[in-house]
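Undergrad: I'd like to go over a predicted model; first the sequence, then the structure.
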Amino acid sequence: MKSRKSEARAAAVLIAPFVVAYLVLFIYPTVKMVELTFTDAPLIGEGAWVGVRNYVRMWSDRQFWNALWNTLYFVLLTVVPNTVIGLLIAMMVSRLKGWLQSVVLAAFFLPYILPVSVVTLIWQWVLDPQFGIAQYPLSFFVGERVPVFRTRAWIMPTVGFVTIWWTCGFNILLFLAGLRNISSEYYDAAALDGAGRWKQFRHITLPLIWPVAALVLTIQLILQLKIFDQLYLLTLGGATNTTMVLVQAIYRQAFVTNKGGYGATIALALFVLIVALSVLQYQFLRARDR
C-alpha cells in the first residue's frame, strides 16, 4: 500500500504541470470564448449580455456562409491531393539509395521549413503578371498573362497549389517512414507469385500504409480548415469577400470591426466544425481499415 501511494504521489507530481498548463492555456480560454459569444463585447473589454443574438446573426450572415463555402472548397482542393502527391513522391524517393535519396528528400522537404512570408513572396514573384516566369506556360495555354491573385476563378486553385508545394514535404517524411516499416519480403513473395507493380501496391503497400495515410489526412484536414496566412498574404488582404475564409472572417470581425463577441461566435463555429469533421473522418478511415 505504501508503495502504491508513493507511486500515485510521484505520478501526480509528474502530470501536475501538464494538467495546470492544459487548464490555463486551453480549457480556461475555451470557456471564456464560449462566454464571449453571448455578449456584444469588443475585442478588449466587457460587453453586455445578448443571449443567442450572435448565433442568430451568424445563421443569417451571407458573409459567414461564403467564408464557410470557401473554406470547404479549399479543403477539397488540398487535403486529398496533398496526401496522394505525398504518397507518390515518397514511393519514388524510397526507391533511391544513398546520398541521392538524401538530396532528393531534402529538396522536397526544404519548402516546408520556410516561413509563410518567404513562401508567399517567392510565388508572388513567380506568378507576377508582368515578369513572373510561370506566366510563360500560363500564357501558352491560356493565350494571355493571368493576374492569378486578382482573378476570382484562379485565386483558390493557385493558393491551393502553393499550399501543397509548401507542406507536401512533411507528408513525404511520414509516408517514407511508413514505407520503410514494410518488409521487403512481402514484395519478394508477391513478385515470385507473378504480381506486378499495381497489384503489389494495391494488396501490400496500400493496406500497410493506410494507418499513416489516415494520420496524414486528419492532419491536413485540420490544417487546411484553418487556412489564412498564405491566402491573406498572396491576395494582399483578400481580393473580394467571395474569397474570404472562416479565419479571415474571424479576423475581420474581431480585429478590424472590433466586434469581439461576434468574432468569437464564428471562431466557436470553426472549432466545432474542425472537431466534427476530424472525428468523422478519423472514424471513417478506421472503419475502412478494419
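TA: Yep, that arrived.
Undergrad: tell me the mean pLDDT over stretch 260-270?
TA: Stretch 260-270 shows a mean pLDDT of 93.
Undergrad: And stretch 112-126, by the same measure?
TA: Mean pLDDT, stretch 112-126: 92.
Undergrad: which residues sit against that stretch?
TA: 111, 132-134, 149, 162, 166-170, 229-230, 233-234 (Cβ atoms under 8 Å, 6 or more residues apart in numbering). Yep, even glycine has a C-beta here, placed from its N, CA and C like the rest.
Undergrad: Can you tell me which of the residues you listed is closest to Y28?
TA: D229 (26.2 Å; Cβ to Cβ).
Undergrad: How much space separates that closest one from T235?
TA: According to Cβ to Cβ, to the nearest Å, D229 and T235 sit 11 Å apart.
Undergrad: residues in contact with the helix or strand hosting L138?
TA: Assigned by DSSP states H and E, L138 belongs to helix 135-142. With Cβ under 8 Å, 6+ apart as the test, helix 135-142 has contacts from 127-129, 145-146, 148.
Undergrad: same check, this time on stretch 169-184
TA: 82-83, 85-87, 89-91, 93-94, 105, 108-113, 204-205, 208-209, 211-213, 215-216, 220.
Undergrad: Buried only: go through those residues for me.
TA: The neighbour count (16 or more other Cβ atoms under 10 Å) marks 82-83, 86-87, 89-91, 93-94, 105, 108, 111-112, 204-205, 209, 212-213, 215-216, 220 as buried among the contacts of stretch 169-184.
Undergrad: How about the residue most central in space within the chain: what's its closest non-neighbour residue?
TA: In the chain, the C-alpha nearest the mean C-alpha coordinate belongs to L223, at 2.1 Å (Cα atoms, centre = their mean). Distances taken as Cβ to Cβ, 6 or more residues apart in numbering put T167 closest to L223, at 7.2 Å, once the chain neighbours are dropped.
Undergrad: What about that neighbour, how many residues nearby?
TA: 20 (other Cβ atoms under 10 Å).
Undergrad: Tell me the secondary structure at it.
TA: Following DSSP: H, G, I helix; E, B strand; the rest coil, the label given to T167 is helix.
Undergrad: For it, give me its contacts.
TA: 82, 111-112, 220, 223.
Undergrad: buried residues in stretch 184-199?
TA: Neighbour count says stretch 184-199 has 187, 190, 195 buried, by 16+ other Cβ under 10 Å.
Undergrad: For it, what is the distance to the chain centroid?
TA: Chain-centre distance of stretch 184-199: 35 Å, with Cα atoms, centre = their mean, to the nearest Å.
Undergrad: Please measure how far the first residue of that stretch sits from its last one.
TA: Across stretch 184-199, the terminal residues are separated by 15 Å (Cα to Cα, to the nearest Å).
Undergrad: That stretch - what's its average pLDDT?
TA: For stretch 184-199, the per-residue pLDDT averages 83.
Undergrad: repeat for stretch 206-216
TA: Mean pLDDT, computed over stretch 206-216, is 88.
Undergrad: Run the chain-centre distance for that stretch.
TA: The answer for stretch 206-216 is 17 Å, by Cα atoms, centre = their mean.
Undergrad: what's it in contact with?
TA: Counting by Cβ under 8 Å, 6+ apart, 83, 86-87, 171, 174-175, 177-179, 181-182, 186, 282, 285-286, 288-289 sit against stretch 206-216.
Undergrad: What's the ChimeraX line that selects buried ones from the contacts of helix 135-142?
TA: Here is the ChimeraX command that selects the buried residues among the contacts of helix 135-142 (16+ other Cβ under 10 Å):
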select :127,128,129,146,148
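Undergrad: As CSV, the contacts of helix 135-142 with secondary structure would be great.
TA: CSV is the format used below for these (three-state DSSP):
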residue, secondary structure
L127, coil
D128, coil
P129, coil
R145, coil
V146, coil
V148, helix
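Undergrad: where does this structure have low pLDDT?
TA: 1-2, 237-240, 288-290 (pLDDT under 70).
Undergrad: again, only this time at 80
TA: Regions of the chain meeting the criterion pLDDT under 80 cover residues 1-6, 8, 193, 195, 236-242, 282-290.
Undergrad: Could you identify the longest helix within it?
TA: Under DSSP state H, the helix in the chain containing the largest number of residues is helix 62-94.
Undergrad: That helix - contacts with which helices or strands?
TA: Packing partners of helix 62-94 (3 or more Cβ pairs under 8 Å, 6 or more residues apart in numbering; DSSP states H and E): helix 98-109, helix 152-180, helix 206-225, helix 246-251, helix 260-289.
Undergrad: and those, which is most packed in?
TA: helix 246-251 (a mean of 22; mean count of other Cβ atoms under 10 Å).
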